[in-house]
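Chemist: Next one to model:
(3 chains)
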Amino acid sequence: MTHTLRSLSTLLADGKASSVELCRDYLARIQALNPTLNAFITVDADRTLAEAAAADARRAAGQAGPLTGVPVAHKDIFCAEGWLTTCGSKILANFVSPYDAHVIEQFKAAGMPTLGKTNMDEFAMGSSNETSFFGPVKNPWDTARVPGGSSGGSAACVAAGLAPAATGTDTGGSIRQPAALCGITGLKPTYGVVSRYGMIAFASSLDQGGPMGRTAEDCAWLLNVMAGFDVRDSTSLERVKEDYTRDLTKPLAGLRIGLPREFFGEGLSGDTARAVEAAIDQYRKLGAETVEVGLPNSRLSVAAYYVLAPAEASSNLSRFDGVRYGYRTPEYRDLTDMYEKTRAEGFGAEVKRRIMIGTYVLSHGYYDAYYIQAQRLRRLIANDFAEAFRQCDVILGPTAPTTAFRLGEKADDPVQMYLSDIYTIAVNLAGLPGMSLPCGFDGQGLPIGLQLIGNYFAEAKMLNVAHQFQLATDWHARAPQGI
Amino acid sequence: MSLSIDDVQRIAKLARIRVNEAEAAGYQTQLNGIFGLIEAMQAVDTTGVEPMSHAQDLSQRLRADAVTEPDRRQAFQAVAPQTEDGLYLVPKVIE
Amino acid sequence: MQWETVIGLEVHTQLTTQSKIFSGASIAFGAAPNTQACQVDIALPGVLPVLNKGAVERAIRFGLAIGAKLNRTNVFARKNYFYPDLPKGYQISQYELPIVEGGHLSIQVGDAEKTIRITRAHLEEDAGKSLHEDFHGMTGIDLNRAGTPLLEIVSEPDMRSAKEAVAYARALHTLVTWIGICDGNMQEGSFRVDANVSVRPVGQKEFGTRREIKNLNSFRFLEQAIDYEVRWQIERIEDGHKIQQATVLFNPDTGETRAMRSKEDAHDYRYFPDPDLLPVKLDEAWIEQVKAGLPELPEQKQARYRERFGLSAYDAGTLTASRAMAEYFEAVLAALPARGENAKLAANWIMGDLSAALNKAELDIAANRIPAKQLAGLLARIQDGTLSGKLAKQVFEAMWNEGGEADAIIEAKGLKQVSDAGAIEPLIDEVLAANPKSVEEFRSGKEKAFNALVGQVMKASKGKANPAQVNELLRKKLG
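Modeler: Residues are numbered from 1 along each chain as shown, chains lettered A, B, ... in the order given. Here you go, the predicted structure:
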């Protein structure tokens, strides 16, 4: 099951397979492998097959788009009407969404059936998928290891061929880091390209949905479906609809690749450094030139992020109070008792930690020293990128400092866990697009991710840069064996 | 800086999260670890730098004043913990 | 010791939009619980706010009307606290950069005029309602009101008595209804007043500690609540206590205020700019357009009435108590010939007989049954001498009760004033013949006797004789 979206699209168009047949195959594979991987929180075969049958009917009626009938998996952060939508949390463990996210509407409009809702770190807070109320996802390359997070279920299911592609969201690296750790390709678009309506909020000013697939080309196809202006999201950008595949085949001659010196220093594991260096050599062979750039404030991105994201989260998660939906503690004395128990029991440890950090940095007397200071640093970090993009077309570096770590290895050390996102967070703070693509394996056979960062709205350019690399290499075509 | 147990209890209260004494000590250690990471920010002089709230420097779009939402009470309350006569029920509120 | 009262008001005005401030749900009053609470209003996971242009436009209108500064960039922030009628766990409001800053409003208390400064006015969303009727010991939450657009108007602590506070609240009520941003319906909660009250010894510069009386929904309660609160605070201080800052509720049944169960974490609202909403920018062309659409304001009208028509400050104030009142007055004038004294005549009738009739019927001027043209028709007949004051009152009564034009009523009821000497003289002769005693008294110098004779003649004419004419003819006869 290592089909690309293009190959599935061709199968369907040529009448060699129906959507129902494709979905049955994927559902069978999910049934066989999900108990091992735990990549899905919800699978609803009847619902999927009904959607597939509708897609086949649409094709029969001559109304199929390029991806009609191709199934995808959705991160369980996207509200989908009639689907359990948990966000990886006990507090939403019984929440059947009464409405669709904009992203889900877009997939429905394209006629793409949903294979299921994928596991994730609770409220997207985590880099290992271990904070999910529904248990950790296992990395298909080594089931003793984490898949990364927070979109770990999406990354694992694509890597293991349980779905041809999946949606993810990325607040500080949650698409790119699990893509890297699972050996797939994932893209976080420019903030505002994909509507946040119906995407359960973690940190509103940083959250962005994006595609996760086997290849850059798949991501381009998927982004064509996901992206689009939505009046219901005030931060959605009103832009002409783009075809993200338009530049895929452009040659890279003359491309200027910026290499931030801060991304190649201490803390980077030897194998990762070597793989990224090899990728740079590959790009030179493809005609690109490299230029050293500086992102001096990026070293503070983790600190600024762990003020801003928890601050926004502490407020965003106040709505989970046991009044209108979701979990309510069974026994309580009074209103305050109900609130405090509901939230203490409904949220996991990492979510509670972040709510407490956020509450603290916004509270009286600390706001300026923490929140405002972090927002100022955010500006400096964004300015660094603006400066760098005067000298280059795309920035390149590692996605994560290490390959997949062992389950439980960092679970009790939040600070070490947070540093997993050291190369990805600055991109969210600036609101820029970033992506990760496979560029090699470490000594233990674990995939290594290469990160590309583009200027605002440079998604098509980045996909071109990634696609040309994938034409010249086969890292993306490797699949985990033996699960 | 470092958070005291009282600080932990105060913010837990503000956030409406019940934290017992044993948990408070754990939170104190973890939060202080995280604040150790955050404190790195304070070394930077950001005088004169405009705080950045949004990824893009854009202004708010305005919606035309029109009623567009139908009544969906039944669907919404199907997932509610406790309702009666169309109302959400909560433990008694005392003003 | 002599005490001085210091009052500042925070008024929540519900804006007259169709839909909510951040969602497309209706704000119509009186719907079944939670049927006007859409996914955004009940804060389902994943939903987002989008700002209603109508709400912003109304805030601009208000800012222009009070001569305030309009912040060309204003920002929505989140005010975080937990309450079951607050679905998101935060209220979207404006904090550091409100849309309206500064401005002022003139009030009149007795003969004195005073200017009250307005600190700011900001847009925010209303909360839902908690229904405390017993649901097995639980409270019911209705979120229909959640997300209703409010403009919170905050004054400086410029008022020094309950009377001044009421005058300010009334002037503000007049203004917001006048410019059409609020329907002013206090029973339905469209205009709610919070009063910050403190006292200090006369001559002291610093303000005393204030207590905030929440949610007063009538001018009468506002006055009663402040009066009670002031007495209470003075007594406490004179008894040697200190006033603690508090939020209090007014109980209309007892006429007393009492402190609310204090919220443990009050005043740590953790405001921060709402990341879901971008800064609101007001462009000059829009502001100009709103300005062009503003009606003549009460203060401008008052000045015009005083200068052009020579009305007193009191009359000008009364006639501009509402836009409907002023428009009625102007419509009556427009239907009369342009003569200076017509304004005074119209003013007297509107503020006198018409207002009395409206009060008695408990009707607002907007529900007036006498069209302006009809009243003007009546006034014209007074002007041309067809009706005496007394007859005019009868015509007015008929007009109020049965409707119809003045001329038709006069005709039908035969209420026309008789000014024909040929018709009056025989009546005078009769009266003189029947009252020799009065005639004698008059001739011996008693002026009072003359008045008695006039009265008799008027009576004989059934009130229709022109009194001036009767006077003149009677004197001639007795001459």
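Chemist: end to end, how far does stretch C:40-57 reach?
Modeler: 22 Å (Cα to Cα, to the nearest Å).
Chemist: How about the contacts made by the residue in chain C that chain A sits nearest to?
Modeler: The minimum distance from chain C to chain A, using Cβ to the nearest Cβ, falls at C:Gly89 (2.3 Å). (Glycine included, C-beta is placed from N, CA and C.) For C:Gly89, the contacting residues are A:Ser315, A:Leu317, A:Ser318, A:Arg319, A:Asp321, C:Ala43, C:Asn80, C:Tyr81, C:Phe82, by Cβ atoms under 8 Å, 6 or more residues apart in numbering or on different chains.
Chemist: Need the pLDDT of it.
Modeler: pLDDT for C:Gly89: 98.
Chemist: Which residue is the nearest non-sequential neighbour of it?
Modeler: Once flanking residues are discounted, C:Gly89 sits nearest to A:Ser318: 2.3 Å by Cβ to Cβ, 6 or more residues apart in numbering or on different chains.
Chemist: quick one: contacts for whichever residue of the stretch 101-250 of chain A sits closest to chain B?
Modeler: Among the residues of the stretch 101-250 of chain A, A:Tyr191 lies closest to chain B, at 3.7 Å counting by Cβ to the nearest Cβ. Counting by Cβ under 8 Å, 6+ apart, A:Tyr191 makes contact with A:Ser205, A:Leu206, A:Gln208, A:Thr235, A:Asn428, A:Gly431, A:Leu432, B:Ala55, B:Gln56.
Chemist: number of nearby residues for the last one?
Modeler: Taking other Cβ atoms under 10 Å in any protein chain shown as the criterion, the count of residues near B:Gln56 is 14.
Chemist: Residue 12 - how many residues pack around it?
Modeler: Here I'm looking at chain A. Neighbour tally, A:Leu12, other Cβ under 10 Å: 23.
Chemist: Can you look at chain B instead?
Modeler: 23.
Chemist: Could I get the full set of helices for the stretch 1-150 of chain A?
Modeler: A:5-13, A:19-37, A:45-60, A:102-110 (DSSP state H, counting those that start in this stretch).
Chemist: Burial-wise, tell me which of those helices comes out on top.
Modeler: helix A:102-110 (a mean of 21; mean count of other Cβ atoms under 10 Å in any protein chain shown).
Chemist: Averaged pLDDT, that one. What do you get?
Modeler: 98.
Chemist: same question, stretch A:321-341
Modeler: 97.
Chemist: one step back: quick one: contacts for the residue nearest to C:Gly89?
Modeler: B:Arg16, C:Asn80, C:Phe82, C:Lys88, C:Gly89, C:Tyr90.
Chemist: three-state assignment of it?
Modeler: On the three-state scheme (DSSP: H, G, I helix; E, B strand; the rest coil), A:Ser318 is labelled helix.
Chemist: rewinding a little: out of the contacts of C:Gly89, which one sits closest to chain B?
Modeler: Nearest to chain B among the contacts of C:Gly89, with distances taken as Cβ to the nearest Cβ, is C:Phe82, at 5.2 Å.
Chemist: Please identify the helix or strand for C:Ser79.
Modeler: Actually, residue C:79 is Lys. It isn't Ser. Taking DSSP states H and E as the criterion, C:Lys79 maps to strand C:76-80.
Chemist: which one of the contacts of A:Tyr191 has the most neighbours?
Modeler: A:Asn428 leads those on contacts (other Cβ under 10 Å) with 30 neighbours.
Chemist: May I ask you to confirm that A:Ala275 is in contact with A:Gly440?
Modeler: Yes: using Cβ atoms under 8 Å, A:Ala275 is in contact with A:Gly440, at 3.3 Å.
Chemist: do you know which of the helices of the stretch 1-150 of chain A lies nearest C:Leu151?
Modeler: Closest approach to C:Leu151 among these (Cβ to Cβ): helix A:102-110, 30.9 Å.
Chemist: Could you tell me the angle between the closest one and helix A:45-60?
Modeler: With axes from the mean of the first three to the mean of the last three Cα atoms, to 10 degrees applied, the angle from helix A:102-110 to helix A:45-60 works out at 50 degrees.
Chemist: ok, back up a step: output the contacts of A:Ser318 in CSV; the columns should cover distance to B:Leu3 and secondary structure.
Modeler: Below are the contacts of A:Ser318 laid out as CSV (distance: Cβ to Cβ, whole Å; DSSP: H, G, I helix; E, B strand; the rest coil):
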residue, distance to B:Leu3, secondary structure
B:Arg16, 18, coil
C:Asn80, 19, strand
C:Phe82, 22, coil
C:Lys88, 27, coil
C:Gly89, 23, coil
C:Tyr90, 23, strand
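Chemist: In a markdown table, list the residues you listed along with distance to A:Tyr371.
Modeler: Output for the contacts of A:Ser318, formatted as a markdown table (distance: Cβ to Cβ, whole Å):
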| residue | distance to A:Tyr371 |
| --- | --- |
| B:Arg16 | 20 |
| C:Asn80 | 13 |
| C:Phe82 | 20 |
| C:Lys88 | 19 |
| C:Gly89 | 18 |
| C:Tyr90 | 15 |
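Chemist: Residue numbers of chain C in contact with chain A?
Modeler: C:39, C:42-51, C:78, C:80, C:82, C:84, C:87-90, C:141, C:267-268, C:270-272, C:275-278 (Cβ under 8 Å from any Cβ of the partner chain).
Chemist: Show me which of the residues you listed are buried.
Modeler: The neighbour-count test (16 or more other Cβ atoms under 10 Å in any protein chain shown) marks C:39, C:42-51, C:78, C:80, C:82, C:84, C:87-90, C:141, C:268, C:270-272, C:275-278 as buried among those.
Chemist: Can stretch C:35-54 be said to contact chain B?
Modeler: Yes: Stretch C:35-54 is in contact with chain B by Cβ under 8 Å from any Cβ, via C:35-40, C:42, C:44, C:50-54.
Chemist: What about the residues you listed, which are in helices?
Modeler: Residues of those located in helices (DSSP state H): C:Lys53, C:Gly54.
Chemist: Among the residues of stretch C:35-54 next to chain B, name the ones in strands.
Modeler: The members of those that map onto strands under DSSP state E are C:Leu51, C:Asn52.
Chemist: quick one: contacts for the residue lying closest to A:Ala180 once chain neighbours are set aside?
Modeler: Leaving aside its sequence neighbours, A:Ala180 sits nearest to A:Gly449 (Cβ to Cβ, 6+ apart; 2.2 Å). Contacts here follow Cβ under 8 Å, 6+ apart; on that basis A:Gly449 touches A:176-177, A:179-181, A:183, A:398-400, A:436-439.
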